[in-house]
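[1] Using only what follows, build the 3D model:
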Amino acid sequence: MTGEHSSKQYDQELDGIRSKVLLMGGMVESHFEEALNCFRVGDAEKADRVMAEDHAVNQLEVSLDDACSHLIVRRQPAANDLRTVMATIKVITDLERIGDEATKIARTSKSLHARGMTGFHHYDMVRRIADATSTLLHDALDAFARLDGKQALQLIAADELVDLEFRSILRNLITFMMEDPRTISSALDTLWVAKAIERIGDHAKNIAEYVIYVVEGKDIRHSKPTAQEHREG
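    Numbering: from 1, shown residues only. Now for the predicted structure:
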């Protein structure tokens with residue numbers, strides 16, 4: 001009975017941590033969308049709010065890391081339970097970094113709109129990568145919530161498309177700057193935003209990889225598993 005009681009307590013504590021991680025995920029997802037809107041319309045007040053609210057994300061990271069550490073010490077989880085806790089710690093780190101990238105977008109947006117735009121529609125330049133990354137992040141959080149390994153595997157390929165889109169943006173911006181040096185300042189700001197979006201895609205992919213680690217016990221980082229390999233595994 002003692003062991004069963006302890007197991008139930010562990011499950012309750014882990015569920016509480018996961019719920020707060022998903023809350024953190026919702027926060028950074030919202031901050032990302034708001035930062036993109038700042039870049040589109042130049043809302044300086046909203047940009048300030050995104051930057052200020054990143055403090056709450058940072059505080060959640062600290063408290064959740066502490067909760068995970070205490071859970072390991074008190075419950076001494078093994079096998080899949082330990083994998084789940086360790087993967088959760090890594091997800092927390094990636095979410096905090098997504099919040100940092102959203103803050104960069106908000107800060108750059110405020111600066112760009114304060115100076116005015118020259119020569120091209122800056123938001124149209126990043127629209128496709130922004131939409132793809134928003135979907136990737138949402139789906140990664142969904143896969144984490146449901147521990148859906150199959151969905152997580154599909155997201156690895158989705159991040160490759162985000163990377164391809166970033167390289168296309170880079171080529172286009174270089175062309176703009178070469179053809180009209182007056183666009184250099186705005187083009188560089190747009191490039192920083194595109195890079196921040198691409199990094200958010202990387203962090204979302206990391207979350208998907210941690211889901212696969214929990215579900216299958218496989219660390220697929222730095223590898224490129226195919227759907228066929230996934231089925232055979």
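[2] which parts of the helix or strand hosting T175 are buried?
    Under DSSP states H and E, the secondary-structure element containing T175 is helix 149-179. Buried residues in helix 149-179, counted by 16 or more other CB atoms under 10 Å: 149, 151-153, 155-156, 158-159, 162, 165-166, 169, 172-173, 176-177. Just so you know, the C-beta spots here come from the backbone N, C-alpha and C atoms, and that holds for glycine as well.
[3] Tell me which other helices or strands the longest helix along the chain touches.
    If you go by DSSP state H, the chain has its longest helix at helix 2-41. When contacts are defined as 3 or more CB pairs under 8 Å, 6 or more residues apart in numbering; DSSP states H and E, helix 2-41 packs onto helix 44-75, helix 79-115, helix 122-146, helix 184-216.
[4] try 6 Å this time
    Applying 3 or more CB pairs under 6 Å, 6 or more residues apart in numbering; DSSP states H and E, one finds that helix 2-41 makes contact with helix 44-75, helix 79-115, helix 122-146.
[5] quick one: the last one to chain centroid distance?
    Between the centre of helix 122-146 and the centre of its chain there are 9 Å (CA atoms, centre = their mean, to the nearest Å).
[6] Likewise for stretch 156-169?
    Distance of stretch 156-169 from the chain centroid (CA atoms, centre = their mean) equals 15 Å.
[7] which residues touch the nearest residue to K110 once chain neighbours are set aside?
    Ranked by CB to CB, 6 or more residues apart in numbering and with sequence neighbours excluded, the top spatial neighbour of K110 is A47, at 4.1 Å. Residues in contact with A47, defined by CB atoms under 6 Å, 6 or more residues apart in numbering, are 38, 106, 109-110.
[8] would you turn those into a markdown table with neighbour count?
    Shown next, in a markdown table, are those (neighbours: other CB atoms under 10 Å):
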| residue | neighbour count |
| --- | --- |
| C38 | 28 |
| A106 | 31 |
| S109 | 28 |
| K110 | 22 |
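[9] Quick one: these as CSV, columns for pLDDT too.
    Below are those laid out as CSV (pLDDT from 0 to 100):
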residue, pLDDT
C38, 92
A106, 96
S109, 91
K110, 90
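[10] follow-up on the earlier one: would you mind giving the helices and strands packed on helix 2-41 as a markdown table with distance to E29 added?
    Formatted as a markdown table, the helices and strands packed on helix 2-41 follow (distance: least, CB to CB, whole Å):
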| stretch | distance to E29 |
| --- | --- |
| helix 44-75 | 11 |
| helix 79-115 | 8 |
| helix 122-146 | 6 |
